[in-house]
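S.K.: here is a sequence together with a model predicted from it:
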Amino acid sequence: MRKVLVSACLMGRRVRYDGRAKTVEDDVVARWREEGRLVVHCPEVAGGLPVPRPPAEIEPGATAAEVLAGRARILTPDGRDVTGHFVDGARAALATARAHGVGVAVLKESSPSCGLHEVYDGSFTGRKAPGEGVTARLLQEHGVAVFTENEIARAAERLRALEHV
């Protein structure tokens, strides 16, 4: 049985930078929980960041791939470089996915770790830009299909396809 890596904040864990959760209520996720498929993980906490913590964003104009390659940073509003925590957390997520036989991941959109289609633009003004977070990028580079909390039905389809190969 293939497992599903899921952002801890989506499962009600209070691990976000502001100490809150972004709990997702979904019948598919409930079924996955009952089946023992869920592997709950917060890359930012796994990377050593506390809860609560200052918000962090990928610097303006940079990409997750550049962060992973060491050519861009993730910063807090006061300019503190927290890149190492985010990269360590992404690597921990990948290790967790491999250890548990994860087939798909459902991650929190817009996060500098978990965003898939968009992330905050680095200005700390609440504006978003197309792009992905470092964990989403690293998982995809290593063959894990990544979806957002708004794409759970698609994640379930992909999981079924993986299990019927």
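M.R.: The structure has been received and is ready for your questions.

S.K.: would you map the helices across this protein?
M.R.: Secondary structure of the chain (DSSP state H): helices located at 27-35, 43-46, 64-68, 83-100, 134-141, 152-163.

S.K.: those helices: which one's closest to R13?
M.R.: Comparing the helices of the chain against R13 with CB to CB, the closest turns out to be helix 43-46 (8.7 Å). For every residue, glycine as well, the C-beta is placed using N, CA and C.

S.K.: can you give me how far stretch 84-98 is from the chain middle?
M.R.: Centroid separation for stretch 84-98 versus its chain: 10 Å, with CA atoms, centre = their mean, to the nearest Å.

S.K.: in it, what counts as buried?
M.R.: Neighbour-count burial for stretch 84-98, with 16 or more other CB atoms under 10 Å as criterion, is recorded at 85-94, 96-97.

S.K.: I'd like the average pLDDT over that stretch.
M.R.: On average, the pLDDT along stretch 84-98 is 98.

S.K.: which residues are contacting that stretch?
M.R.: Residues outside stretch 84-98 that contact it (CB atoms under 8 Å, 6 or more residues apart in numbering): 5, 39, 41-49, 56, 67-68, 74, 102, 105, 112-113, 134-135, 137-139, 142, 144.

S.K.: quick check: the nearest residue to R16 once chain neighbours are set aside vs H41, distance?
M.R.: Counting by CB to CB, 6 or more residues apart in numbering, R16 lies nearest to C9, which is 5.0 Å off, once chain neighbours are set aside. C9 is 10 Å from H41, where distance means CB to CB, to the nearest Å.

S.K.: same thing with L139?
M.R.: For L139, the distance to H41 equals 11 Å [CB to CB].

S.K.: what touches both of those two?
M.R.: Common neighbours of L139 and H41 (CB under 8 Å, 6+ apart) are 5, 93.

S.K.: show me what contacts P60?
M.R.: Going by CB under 8 Å, 6+ apart, P60 touches 121-123.
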